[in-house]
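Undergrad: got a structure for you, letters missing:
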């Protein structure tokens with residue numbers, strides 16, 4: 001009979017009987033009694049009263065009975081700590097038992113009893129077991145150190161167990177190595193600052209040797225540890241990759257994903273020109289494809305990881321489109337994930353295949369899946385321009401099916417296709433209008449209204465169509481109401497004579513009859529625009545729309561790089577970093593991919609582009625509501641705020657009205673210009689002579705600059721946005737002093753006085769060092785030039801972009817806001833020189849350390865230092881006769897890099 005009989009008894013007064021049986025002289029009866037106790041404990045009965053009797057049973061040679069007693073002890077030691085101490089002597093004795101299984105069992109159980117009083121007795125037995133002759137005991141003891149560290153970290157450090165654990169990495173037995181790595185990794189996770197796993201090429205070699213021989217879970221521990229190592233160069237990275245590659249053919253999917261993680265991370269360091277790089281790409285595809293033949297749950301985990309891999313390196317799976325085709329019996333969560341990857345892999349070469357497949361999916365019975373399939377056709381059209389026409393005709397075929405939800409999804413995606421390819425497919429509008437009555441979902445109705453409003457001049461009865469929506473205005477969702485308001489205003493601006501009543505009706509409904517603040521505010525803005533300046537209204541409402549991007553759902557690159565380091569973990573399934581969902585005291589370390597090594601830095605990858613010239617247009621950044629209202633309106637310069645820097649966020653709609661001047665007074669210009677992406681390396685396109693000697697004129701003493709480069713003044717605040725006050729300016733650095741050179745021009749009809757200026761908190765603590773001095777009132781059509789001295793002792797808050805400066809200027813009329821980007825070289829300080837070798841760039845405080853010629857290339861090694869103490873090391877490389885040069889930077893604050901590139905280019909080109 002099996003042990004299940006112990007769980008079926010429901011006798012009363014059982015404790016007394018069990019007590020008698022536990023004290024029986026017969027071994028079999030004693031064992032039966034302990035089994036009954038464990039069964040009662042498992043189903044939730046309180047059998048803690050039997051603690052002394054069970055502990056007495058520890059004195060036995062029977063391994064099965066000993067395991068059962070130890071199981072009981074682990075469960076009840078916490079609630080009976082004083083009684084648990086009775087068991088210590090037996091533990092200590094068992095740790096010296098000739099049977100290695102008993103020695104290991106004793107040390108494992110002692111590690112699981114989380115009682116402080118017992119912990120101190122555990123140290124000596126544990127020390128012996130860590131140096132035991134049997135590898136099974138050593139591997140058990142290694143894990144016990146991690147458990148003990150969790151209970152009392154200080155004790156583990158004082159007793160020197162961490163050093164013993166590090167020594168076990170060199171153990172002859174692979175399983176001991178794996179457990180030592182697992183234990184050290186566990187301890188390191190709870191103490192991110194400690195450098196416990198001090199990996200070097202020698203220890204890595206030992207881990208790789210153990211990798212081939214240990215169990216599958218041991219392999220995972222070692223692979224995860226390897227993923228945290230950064231090789232010193234591309235050769236070492238290639239060597240590790242070659243030794244990890246055989247793990248890709250392992251039967252355990254967790255081992256495969258851990259191996260993929262290591263390879264994906266180290267591939268960053270390999271040059272794309274290497275033959276091995278291409279070989280590695282080919283080797284990565286089959287194991288990922290094999291994962292898709294597992295059960296659905298494993299498939300889903302694999303697909304979520306593949307989704308990340310495809311975003312990072314689509315070339316790995318570009319020829320494997322067919323394995324992502326959906327099977328009829330796939331669960332919905334697998335189907336949707338496959339669909340997403342299909343779109344990511346879609347290209348001109350396979351688009352016909354993909355579209356045929358998607359059209360097939362659109363006739364399925366699962367409504368959610370059909371919607372996604374229709375949406376996927378639209379995404380393909382936006383991604384692969386050559387397929388757009390075929391996608392549109394496929395969508396029109398689907399609309400002809402008259403299946404309600406298919407029609408609605410098709411209209412939503414056709415709206416996006418119109419945005420991506422204006423004036424190309426508008427001939428289909430008539431077909432769309434025929435299906436107007438069948439639309440009942442807010443998103444589809446809003447999309448159709450947008451199409452009617454946007455192309456009102458091509459639709460004869462546009463006013464009738466929009467009027468039909470207006471009849472049930474208050475029953476519509478907010479999304480539809482907002483879209484309808486905008487569409488009717490667009491229609492009015494295109495056909496003013498025919499639609500005057502219609503626009504008055506919608507403005508009245510939006511402003512007077514609605515209690516939705518968003519709708520009301522938009523209604524008032526349109527009303528004021530139309531009543532004061534119809535020409536401006538036309539420019540605002542009918543402005544040219546930016547083309548929509550092809551991949552709106554791509555993961556942001558730095559987050560993607562971090563998630564690649566977490567392949568095979570929950571983070572890769574959630575597509576969120578661990579810090580977003582792990583709670584508790586453990587510090588979560590942000591991981592990132594290693595930088596490319598020097599041998600391949602000049603190889604441009606498709607993800608990075610050369611840093612372009614700094615744009616003349618200044619990005620308009622809306623400061624946070626709290627910053628604007630609290631700091632700037634009061635113009636009250638308080639002491640620097642200490643504490644962690646806060647992230648900036650865009651201001652809410654409600655805050656615009658509070659500022660009085662509406663949106664125009666808040667931002668400096670009509671467009672938000674995103675900063676150029678940082679690229680390593682930046683190939684700065686500057687005209688060249690015959691190498692660096694000509695460029696910097698290093699040999700001659702003529703033409704020494706007296707100060708750093710000064711950009712020409714640009715308009716920061718146009719008069720139309722500041723009630724007639726125009727502000728132009730630039731930044732300069734002369735003899736260690738930073739200043740903002742301003743030109744104030746009065747284009748209004750009244751005199752301006754009482755000027756004051758304040759900066760919002762910024763990345764480098766820039767602040768005015770003196771008040772803004774305008775000595776005489778500024779009369780109409782008069783200009784005044786002022787040099788405002790700046791210092792870097794203001795409040796610091798990291799901005800986006802890093803060199804963004806938000807400024808408030810006050811005069812007798814109002815307070816005005818604008819933002820500008822300061823060139824980073826104004827922050828390069830005079831003591832940034834690391835070696836006593838000077839060069840022409842010294843005038844902008846960029847100091848040359850050394851110069852040499854390698855294989856026909858001139859190379860200049862330079863150093864600079866920012867006002868906040870950040871050092872930047874630079875290598876400038878040029879080939880004679882080549883119009884481009886390459887700049888490579890090393891800095892402990894990578895976010896500074898892109899702005900240093902821009903500063904270099906600005907100085908060198910001018």
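TA: Arrived safely. Computed from a predicted model, the values in this text were never measured in an experiment.
Undergrad: pLDDT of whichever strand or helix holds residue 482, averaged?
TA: Per DSSP states H and E: residue 482 is located in helix 478-494. Average pLDDT, helix 478-494: 91.
Undergrad: which helices and strands does whatever helix or strand comes next after that helix pack with?
TA: Downstream of helix 478-494, the first helix or strand assigned by DSSP H and E is helix 500-511. In terms of contacts (3 or more C-beta pairs under 8 Å, 6 or more residues apart in numbering; DSSP states H and E), helix 500-511 is packed against helix 462-470, helix 478-494, helix 517-532. Every C-beta, even on glycine, is put in place using the N, C-alpha and C of the backbone.
Undergrad: can you report how many residues neighbour residue 483?
TA: 23 (other C-beta atoms under 10 Å).
Undergrad: ugh, typo on my part, it should be residue 255
TA: That count, for residue 255 with other C-beta under 10 Å as the rule, works out to 23.
Undergrad: which ones are touching it?
TA: Listed by C-beta atoms under 8 Å, 6 or more residues apart in numbering, the contact set of residue 255 reads 216, 219-220, 223, 247.
Undergrad: ok, now with 6 Å
TA: The contact partners of residue 255, by C-beta atoms under 6 Å, 6 or more residues apart in numbering, come to 216, 219-220, 247.
Undergrad: then residue 879?
TA: residue 857.
Undergrad: what about it, distance to residue 859?
TA: 10 Å (C-beta to C-beta, to the nearest Å).
Undergrad: what of residue 106?
TA: 63 Å.
Undergrad: who has more neighbours, those two?
TA: The neighbour count for residue 106 versus residue 859, taken as other C-beta under 10 Å, is higher for residue 106 (26 against 17).
Undergrad: rewinding a little: which ones among the contacts of residue 255 lie within helices?
TA: 216, 219-220 (DSSP state H).
Undergrad: now those residues: which count as buried?
TA: 219-220 (16 or more other C-beta atoms under 10 Å).
Undergrad: re the thing from before, can you tell me which of the helices and strands packed on helix 500-511 is most buried?
TA: helix 478-494 (a mean of 23; mean count of other C-beta atoms under 10 Å).
Undergrad: looking at the contacts of residue 255, which is nearest residue 540?
TA: residue 220 (57.8 Å; C-beta to C-beta).
Undergrad: ok, now which ones touch the closest one?
TA: Residue 220 neighbours (C-beta under 6 Å, 6+ apart): 254-255, 258.
Undergrad: got CSV for those residues, with distance to residue 92 too?
TA: Below are these laid out as CSV (distance: C-beta to C-beta, whole Å):
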residue, distance to residue 92
254, 37
255, 38
258, 38
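Undergrad: nearest to residue 45, of the residues you listed?
TA: residue 254 (36.9 Å).
Undergrad: what is the burial count for the closest one?
TA: 18.
Undergrad: same thing with the one 4 residues further on?
TA: With neighbours defined by other C-beta under 10 Å, the count for residue 258 comes to 27.
Undergrad: please name every helix or strand in contact with the strand or helix carrying residue 205.
TA: Per DSSP H and E: residue 205 is located in helix 201-211. Helices and strands touching helix 201-211, by 3 or more C-beta pairs under 6 Å, 6 or more residues apart in numbering; DSSP states H and E, are helix 216-227.
Undergrad: list the buried residues of the helix it packs on.
TA: 218-227.
Undergrad: which ones are touching residue 891?
TA: Counted by C-beta under 6 Å, 6+ apart, residue 891 has contacts residue 872.
Undergrad: need the phi and psi values for it.
TA: Note on residue 891: backbone dihedrals following degrees, to the nearest 10 are phi -160, psi 150.
Undergrad: next one: residue 367
TA: Dihedral angles (degrees, to the nearest 10) for residue 367: phi -60, psi -50.
Undergrad: I'd like to know how far the residue nearest to residue 542 when sequence neighbours are not counted sits from residue 541.
TA: Spatial nearest neighbour of residue 542, excluding adjacent residues (C-beta to C-beta, 6 or more residues apart in numbering): residue 493 at 5.9 Å. Shown here: residue 493 relative to residue 541, a distance of 6 Å by C-beta to C-beta.
Undergrad: helix, strand, or coil at the residue nearest the centre of the chain?
TA: For the chain, residue 559 is the residue whose C-alpha lies nearest the centre (C-alpha atoms, centre = their mean; 2.2 Å). Look at residue 559: counting by DSSP: H, G, I helix; E, B strand; the rest coil, its state is helix.
Undergrad: likewise residue 876?
TA: strand.
Undergrad: so the residue nearest to it when sequence neighbours are not counted, which of the three states?
TA: Sequence neighbours aside, residue 860 is the residue nearest to residue 876 in space, at 4.3 Å (criterion: C-beta to C-beta, 6+ apart). When classified by three-state DSSP, residue 860 comes out as strand.
Undergrad: does residue 860 touch residue 877 like I think?
TA: No. Using C-beta atoms under 6 Å, residue 860 is not in contact with residue 877; the gap is 7.9 Å.
Undergrad: quick check: end-to-end length of stretch 189-203?
TA: 19 Å (C-alpha to C-alpha, to the nearest Å).
Undergrad: enumerate the positions of it that are buried.
TA: 197, 199, 203.
Undergrad: how about the last one, nearest residue that isn't a chain neighbour?
TA: Translated: residue 203. With C-beta to C-beta, 6+ apart, the residue lying closest to residue 203 is residue 169, at 5.8 Å.
Undergrad: ok, the one you found - how many residues close by?
TA: Neighbours around residue 169, by other C-beta under 10 Å: 23.
Undergrad: tell me how far it lies from residue 481.
TA: 65 Å.
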